[in-house]
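Peer 1: Starting from these lines, generate the structure:
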Amino acid sequence: MRFTAVPALNLALLLGGCMSLDVDVAQLCTGGLKPVTTAELFFGRNIGDAPGVSDADWRAFIDQEVTPRFPDGLTVIDAAGQWRGPGGAVVREPSKVLLVVLSGAPGERDRLDAIRAAYKARFRQDSVMLLERQGCAGF
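Peer 2: Numbers count the residues shown, from 1 in each chain. From the prediction side, this is the model:
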């Protein structure tokens, strides 16, 4: 059996994902940075198999659904999404990623869920992925 660096690296990466998430982020924040949670929402822009959510549609959605819920600020990034469809085929579509640094105020998760539900209903989407990350930020 030959030992190579690639399988060893893959194993190390897999085991690294098994680390405890009980890290006190506040201890890691230095230089005036404060612990924060960032919400990342991933929005596909296809409706069915075709492009459907135009730039104007997206801007209206941000103005009507997102900004009123998170008026202090947000970031939008253009992305190229990919996922496996129900029939097993790989589906690729233009996407948007919305980043919001959460304040810790009550009801933020409800507001994120309302944004996700509004997008799914308005643009006939199956899902909007939400990813939360702990980190350090300064403004």
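Peer 1: got a list of what the residue lying closest to G52 once chain neighbours are set aside touches?
Peer 2: Distance criterion Cβ to Cβ, 6 or more residues apart in numbering; nearest residue to G52, sequence neighbours excluded, is N46 at 5.9 Å. C-beta here means a position set from N, CA and C on the backbone, and glycine is covered the same way. Contact analysis of N46 by Cβ atoms under 8 Å, 6 or more residues apart in numbering lists G52, V53, V91, E93, P94.
Peer 1: what helix or strand does the last one sit in?
Peer 2: It refers to P94. strand 90-102 (DSSP states H and E).
Peer 1: Following that strand in sequence, what is the next regular element?
Peer 2: Immediately after strand 90-102, counting by DSSP H and E, sits helix 108-122.
Peer 1: helix or strand right after that next one?
Peer 2: strand 129-137.
Peer 1: returning to that earlier point: relative to strand 129-137, how tilted is the strand holding P94?
Peer 2: 40 degrees (axes from the mean of the first three to the mean of the last three Cα atoms, to 10 degrees).
Peer 1: if we can go back for a sec, of the contacts of N46 - the most surrounded one?
Peer 2: V53 (22 neighbours; other Cβ atoms under 10 Å).
Peer 1: and the gap between it and Q64?
Peer 2: With distances taken as Cβ to Cβ, to the nearest Å, V53 is found 14 Å from Q64.
Peer 1: Need the nearest residue in space to D72, chain neighbours excluded.
Peer 2: S103 (7.3 Å).
Peer 1: Over to V66?
Peer 2: Closest to V66 by Cβ to Cβ, 6+ apart is I115, at 5.7 Å.
Peer 1: Just to check, the one you found is in contact with R69?
Peer 2: Yes: here I115 lies in contact with R69, judged by Cβ atoms under 8 Å, at a distance of 6.2 Å.
Peer 1: which of the two has more neighbours?
Peer 2: I115 (24 against 16).
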